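>>> Next input, structure requested:
(one chain, ligands or ions: 1)
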Amino acid sequence: MIKNILAILCGIAFSMSTAHAKPFVFACEPEWEFIAKEIGGDQIRTVSATHGLQNPHFIRVKPSLMSKIKKADLLICSGADLEVGWLPLLLRNGNKSIQAGQIGHLLVSDYVDNIEIPEVLDRSMGDIHPGGNPHIHLDPEIISKTASMVASRLSLIDPENRQIYVKNLDSFESNWRSAMARWKTAGESLAGKRVVVHHKSFSYLLNFLEIETLTSLEDKAGIPPSARHLSEIVTLIEGSSAIAIIRTPFDPKSAGDWVSDKTGIPVVTLPFTVGGSPEATDLYKVYDASIQLLLQ
Ligand SMILES: [Zn+2]
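Here you go, the predicted structure:
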């Protein structure tokens with residue numbers, strides 16, 4: 001009798017595991033969830049660990065995230081130590097298929113050239129960009145490359161729907177390429193302009209638009225600006241043609257406001273990622289809105 005029940009239970013478990021379940025993508029940031037949705041469409045389920053108004057360097061790991069990562073088939077994160085404060089803890093709860101070295105583990109920085117890699121790394125100074133600048137989603141070429149990696153990974157995880165992923169990648173590529181051309185044209189008059197940033201959140205976008213970063217309000221990435229450093233910045237701005245101080249929705253406001261007050265140059269808050277402002281409902285609109293705000 002017990003043997004029969006066990007056989008039935010095993011049979012149910014086997015049929016459940018072989019039934020086609022939609023791949024579940026666990027993205028660390030909203031930009032990667034956006035790409036997963038573009039490529040996976042209705043064939044996948046997704047979640048993002050952070051939202052657009054959160055600083056992805058620092059989040060608190062909630063129990064809800066712990067239970068979500070257990071079900072993940074594909075993990076997509078920026079890497080380059082952006083998530084070093086919270087991802088290792090989450091990964092310990094994830095299944096084998098999303099651990100380092102597996103198909104389900106995709107840290108985008110492992111496959112692209114990060115910029116601003118420190119020549120000398122002094123962790124005692126608290127630099128939070130030890131592996132170079134991890135805010136790679138603001139490089140449109142990196143987005144294109146990531147979309148193609150996501151399509152390959154999803155095709156391996158869920159080969160039945162490979163053709164759908166390839167087709168979605170093709171249409172994403174063509175839409176993204178036309179958007180890139182549009183952004184280049186729209187941002188033409190910004191080339192050669194200078195800005196001050198709060199944190200080096202926008203370096204890739206500024207490079208794409210050929211805008212120069214005069215300086216950053218943080219002495220070192222992740223370290224709150226000192227009063228002395230801010231006074232030096234005021235002097236630096238006065239002798240320059242900087243057009244704006246730019247920040248994310250989650251950067252502390254006081255330093256930028258103080259410098260703006262002293263110098264008269266405006267502070268501009270850019271959306272940074274999907275959900276970073278009411279209009280930034282997808283990654284195309286993040287780029288659109290950022291360029292429009294810089295032009296204003
Ligand atoms: Zn950063």
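
>>> Quickly find the element holding the residue lying closest to residue 179 once chain neighbours are set aside.
Of all residues not flanking residue 179 in the chain, residue 284 sits nearest, at 5.5 Å (C-beta to C-beta, 6 or more residues apart in numbering). Where you see a C-beta, it was placed from the backbone N, CA and C, and this is true even at glycine. Here residue 284, judged by DSSP states H and E, is contained in helix 283-295.

>>> Which neighbouring elements make contact with that helix?
helix 30-40, helix 162-186, strand 242-247, strand 267-269 (3 or more C-beta pairs under 8 Å, 6 or more residues apart in numbering; DSSP states H and E).

>>> So which residues make contact with that helix?
Residues from elsewhere that reach helix 283-295, judged by C-beta atoms under 8 Å, 6 or more residues apart in numbering: 31, 34-35, 137-138, 140, 143, 175-176, 179, 183, 186-187, 189-190, 195, 202, 205, 209, 211, 243-244, 246, 268-274, 276-277, 279-280.

>>> tilt between it and strand 242-247?
Helix 283-295 and strand 242-247 are oriented at 140 degrees to each other (axes from the mean of the first three to the mean of the last three C-alpha atoms, to 10 degrees).

>>> gap between the residue nearest to residue 179 and residue 143?
10 Å (C-beta to C-beta, to the nearest Å).

>>> Settle it for me: which of the two has more neighbours?
residue 143 (25 against 18; other C-beta atoms under 10 Å).

>>> on that earlier part again, just the buried subset of the contacts of helix 283-295, please.
For these, a burial check counting by 16 or more other C-beta atoms under 10 Å picks out 31, 34-35, 137-138, 140, 143, 176, 179, 183, 186-187, 190, 195, 202, 205, 209, 211, 243-244, 246, 268-274, 276-277, 280.

>>> how about the helices and strands packed on helix 283-295 in a markdown table, adding distance to residue 52?
As requested, the helices and strands packed on helix 283-295 are exported to a markdown table (distance: least, C-beta to C-beta, whole Å):
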| stretch | distance to residue 52 |
| --- | --- |
| helix 30-40 | 5 |
| helix 162-186 | 19 |
| strand 242-247 | 14 |
| strand 267-269 | 12 |
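
>>> what's the most buried one of those?
helix 30-40 (a mean of 25; mean count of other C-beta atoms under 10 Å).

>>> shared neighbours of residue 284 and residue 143, anything?
With C-beta under 8 Å, 6+ apart, residue 284 and residue 143 have common neighbours residue 176.

>>> Which residue ranges of the chain form strands?
Under the criterion DSSP state E, the chain contains strands at 24-27, 45-48, 74-77, 105-107, 194-197, 212-216, 242-247, 267-269.

>>> May I see these organised as a markdown table, with distance to residue 161 and mean pLDDT added?
Output for these, formatted as a markdown table (distance: least, C-beta to C-beta, whole Å; pLDDT from 0 to 100):
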| stretch | distance to residue 161 | mean pLDDT |
| --- | --- | --- |
| strand 24-27 | 13 | 98 |
| strand 45-48 | 13 | 98 |
| strand 74-77 | 13 | 98 |
| strand 105-107 | 18 | 98 |
| strand 194-197 | 41 | 97 |
| strand 212-216 | 42 | 96 |
| strand 242-247 | 40 | 97 |
| strand 267-269 | 39 | 98 |
